[in-house]
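Peer 1: after the sequence you'll find the predicted model.
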Amino acid sequence: HQSMTEAETLKRPMCLLMCDLDHFKKLNDTYGHPVGDEILKVFSNILSENVRQGDTVARYGGEEFAIILTRCDTVTAARIAERMRLDIAARKLALNRNGQVISSITASFGVAQLIAGATPETLIARADAKLYEAKKAGRNRIVIDKSALAA
């Protein structure tokens, strides 16, 4: 909420990314919850490594994360999300016990920029709706809310 107030007061763009790992339940079922927890840590680190100081990465629930990008418009947010998406897809994680490689870990992203009159709930809902669209369209992709582009 503080980031939204600051962005509106200073008339600076701000974006919210909602993202989660694709088929995470299957990973947990196949490799077990301890491995799932390690994958979540790797994902969290990738997200954190790709944001600037002042941005916020937070676990939103389950395997879903919310990322607040301050001083960031939709185009830049989409570039950041793409960097994150490619980074997680490129990782080859090995299981310690037998060295088996877990391949094809992917993530989906929804991007929404703050628009006038938005509340935290409406911004989250817009980004979450785009995340759902990304999942529905086949996963491992980014879908952008175009509301701010039309404004």
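Peer 2: Noted; the coordinates are in hand.

Peer 1: how far does stretch 111-121 sit from its chain's centre?
Peer 2: Centroid separation for stretch 111-121 versus its chain: 16 Å, with CA atoms, centre = their mean, to the nearest Å.

Peer 1: got the buried residues for that stretch?
Peer 2: Neighbour counts over stretch 111-121 (16 or more other CB atoms under 10 Å) mark Val111, Ala112, Gln113, Leu114, Ile115, Ala118 as buried. Where you see a C-beta, it was placed from the backbone N, CA and C, and this is true even at glycine.

Peer 1: which residues are contacting it?
Peer 2: Applying CB atoms under 8 Å, 6 or more residues apart in numbering, the external contacts of stretch 111-121 come out as 1, 4, 7-8, 13-18, 73-74, 77-78, 81, 123, 126-127, 130, 142-145, 147-148, 151.

Peer 1: ends of stretch 98-116, how far apart?
Peer 2: End-to-end distance for stretch 98-116, by CA to CA, to the nearest Å: 53 Å.

Peer 1: could you number the chain from 393 rather than 1 from now on?
Peer 2: Will do, 393 is the new start, and the previous item becomes stretch 490-508.

Peer 1: so the residue nearest the centre of the chain bridges to which residues?
Peer 2: Compute the mean C-alpha point of the chain, and by CA atoms, centre = their mean the closest residue is Cys411, 2.9 Å away. Beta-bridge partners of Cys411, counted by DSSP bridges, are Phe457, Phe501.

Peer 1: how about the buried residues of stretch 503-513 in a markdown table, adding pLDDT, secondary structure and distance to Asp429?
Peer 2: Below are the buried residues of stretch 503-513 laid out as a markdown table (pLDDT from 0 to 100; DSSP: H, G, I helix; E, B strand; the rest coil; distance: CB to CB, whole Å):
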| residue | pLDDT | secondary structure | distance to Asp429 |
| --- | --- | --- | --- |
| Val503 | 97 | strand | 27 |
| Ala504 | 96 | strand | 28 |
| Gln505 | 95 | strand | 32 |
| Leu506 | 91 | coil | 32 |
| Ile507 | 89 | coil | 36 |
| Ala510 | 88 | coil | 34 |
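
Peer 1: pick out whichever of the residues you listed sits closest to Ala526.
Peer 2: Taking CB to CB as the measure, Val503 is the one of these closest to Ala526, at 9.4 Å.

Peer 1: I'd like the distance between the closest one and Lys417.
Peer 2: Val503 is 24 Å from Lys417, where distance means CB to CB, to the nearest Å.
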